[in-house]
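S.K.: Give me a 3D structure for the following:
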Amino acid sequence: MEALLVSTLVVAIAEIGDKTQLLAIILATRFKKPVPIILGILVATLANHALAATAGYWASDFLSGAWFKWAIAISFIAMAGWALIPDKADDEEGQGSSRYGVFLTTTIAFFLVEMGDKTQIATVALGAKFHSIAWVAAGTTLGMMLANVPAVYLGEAATKIVPLKYVRIGAAVLFLLLGLWQAAELLGLLK
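M.R.: Residues are numbered from 1 along each chain as shown. As a prediction, this is how the structure comes out:
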């Protein structure tokens, strides 16, 4: 359960103001069909994060030394810095042709935009830390849905509920705490 809860919290916070959330807003304002957009986000996220959690799981199997665990700790700390950098809506694959329909357009756009995104990289690190594909993928997908479903329904108003500056700071603190937690475990400070 720890893997599910931590994964959900990390991604839900990190996703706010992220380029994929901006894409959700763009798709919602363009197509005005929330159900196929939400289903497309769900399918794309499940596929993308299952692959990312699997990569983290396998990496932790093959690279189980202390140096790899330190790399995970450092990656969380680096993610803290990355979380402070605002995303822009310059990856707007959803702006293109809708000849594939709203669901397929959303699924493809979300899958592609999520590649190399901070939430995907966080999913790899979480998969390595918790050594659980199913719980991490379920948690990160739930976190994505918690952040993106309101964005789809509220559109641009969703970005005005909480100033994104404070959300980015919160996400950075969360990533920093995860990195410090991992480091404390490696140093034997946590039993």
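S.K.: in which helix or strand would I find the residue nearest the centre of the chain?
M.R.: By CA atoms, centre = their mean, the chain has its centre lying nearest to residue 119, at 2.5 Å. For residue 119, the host element (DSSP states H and E) is helix 118-130.
S.K.: immediately after that helix, which helix or strand?
M.R.: Past helix 118-130, heading to the C-terminal end, the next element that is a helix or strand (DSSP H and E) is helix 133-154.
S.K.: Report the buried residues of that next one.
M.R.: 133, 135-152 (16 or more other CB atoms under 10 Å). For every residue, glycine as well, the C-beta is placed using N, CA and C.
S.K.: measure residue 101 to residue 108 for me?
M.R.: Spatial separation of residue 101 from residue 108 under the definition CB to CB, to the nearest Å is 11 Å.
S.K.: cool, residue 121 as well?
M.R.: Taking CB to CB as the criterion, residue 121 is separated from residue 108 by 21 Å.
S.K.: Need the contact partners of the worst-scoring helix or strand of the chain on mean pLDDT.
M.R.: Among the helical and strand segments of the chain, the one scoring lowest on mean pLDDT, DSSP states H and E is helix 66-83, with a mean of 75. With contact meaning CB atoms under 8 Å, 6 or more residues apart in numbering, helix 66-83 is reached by 14, 59-60, 118, 121-122, 125, 128-129, 168, 171-176, 178-180, 182-183, 185-186.
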